[in-house]
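>>> The amino acid sequence is not available; the structure is as follows:
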C-alpha cells in the first residue's frame, strides 16, 4: 500500500452553532474549515466538523470528541481528482487523541477514482500539521 504525506495549513475556521439543548459544562458546536496541502499532496479541502468539549480543571479537556467529513480536491502523488476523508477522534485529559481517518468508499473521482485507505494527522511540537495517507487505487 503506497504511503504519502503532506504538510497542511488551516486557512480558515468558521464556527457555527448546533440546534442542541444547552447542557451545563459541555460545549457542542460545529466548524467549517478550509485547508491547503503541499508536497506529495497538492490540494485544498473543505471540512465540516461537529464537536463536543468538556473543559477540565487544569485547562485540558475532561473529554472531547469530533466527527467530520473532508472533501479533498487536488492531486495525490501526481494523480488529480478528489475524495472524501471521514474523521472520528476523542481526547481524554492530556492523553494523545484516539483518532481514525478513513477514505469514504466510492468517493474518489478523476485519477483518484477507486481510491481507498486510511490516514493519520500529526501535529508537531511547533504546531505544524501533516496528513499521512496510506492508500490504494483500484
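Perfect, I can see it now. A quick note: this is a predicted structure, and the numbers were derived from the prediction, not measured. Residues are numbered from 1 along each chain as shown.

>>> for residue 100, what are its contacts?
Residue 100 is in contact with 87-89, 118, counting by Cβ atoms under 8 Å, 6 or more residues apart in numbering. C-beta here means a position set from N, CA and C on the backbone, and glycine is covered the same way.

>>> Give the bridge partners for residue 117, please.
With DSSP bridges as the criterion, residue 117 is bridged to residue 135.

>>> so which helix or strand takes in the most centrally placed residue in the chain?
In the chain, the centroid-proximal residue (Cα atoms, centre = their mean) is residue 87; its distance is 5.4 Å. If you go by DSSP states H and E, residue 87 is part of strand 79-93.

>>> quick one: strands adjacent to that strand?
In the sheet, strand 79-93 lines up with strand 61-76 (antiparallel), strand 98-103 (antiparallel), strand 109-110 (antiparallel) (DSSP bridges).

>>> What mean pLDDT does the second one get?
This points to strand 98-103. Averaged over strand 98-103, pLDDT sits at 95.

>>> chain center to that strand: distance?
8 Å (Cα atoms, centre = their mean, to the nearest Å).

>>> List the buried residues of it.
Applying a neighbour-count criterion of 16 or more other Cβ atoms under 10 Å, one finds 101, 103 buried in strand 98-103.

>>> so can I have CSV of the strands paired with strand 79-93 showing distance to residue 51?
Formatted as CSV, the strands paired with strand 79-93 follow (distance: least, Cβ to Cβ, whole Å):
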stretch, distance to residue 51
strand 61-76, 4
strand 98-103, 13
strand 109-110, 28
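
>>> Most tightly packed of those strands?
Greatest average neighbour count among the strands paired with strand 79-93 goes to strand 61-76 (a mean of 18), per mean count of other Cβ atoms under 10 Å.

>>> got the contact list for it?
Contacts with strand 61-76, where a contact means Cβ under 8 Å, 6+ apart, come from 4, 35, 37, 40-56, 80-93, 104, 112, 115, 133, 135.

>>> In PyMOL, how would I select the buried members of those residues?
The buried subset of the contacts of strand 61-76, as determined by 16+ other Cβ under 10 Å, is captured in PyMOL by this line:
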select buried, resi 4+35+37+40+41+43+45+47+49+51+52+53+81+82+83+84+85+86+87+89+91+92+112+115+133+135
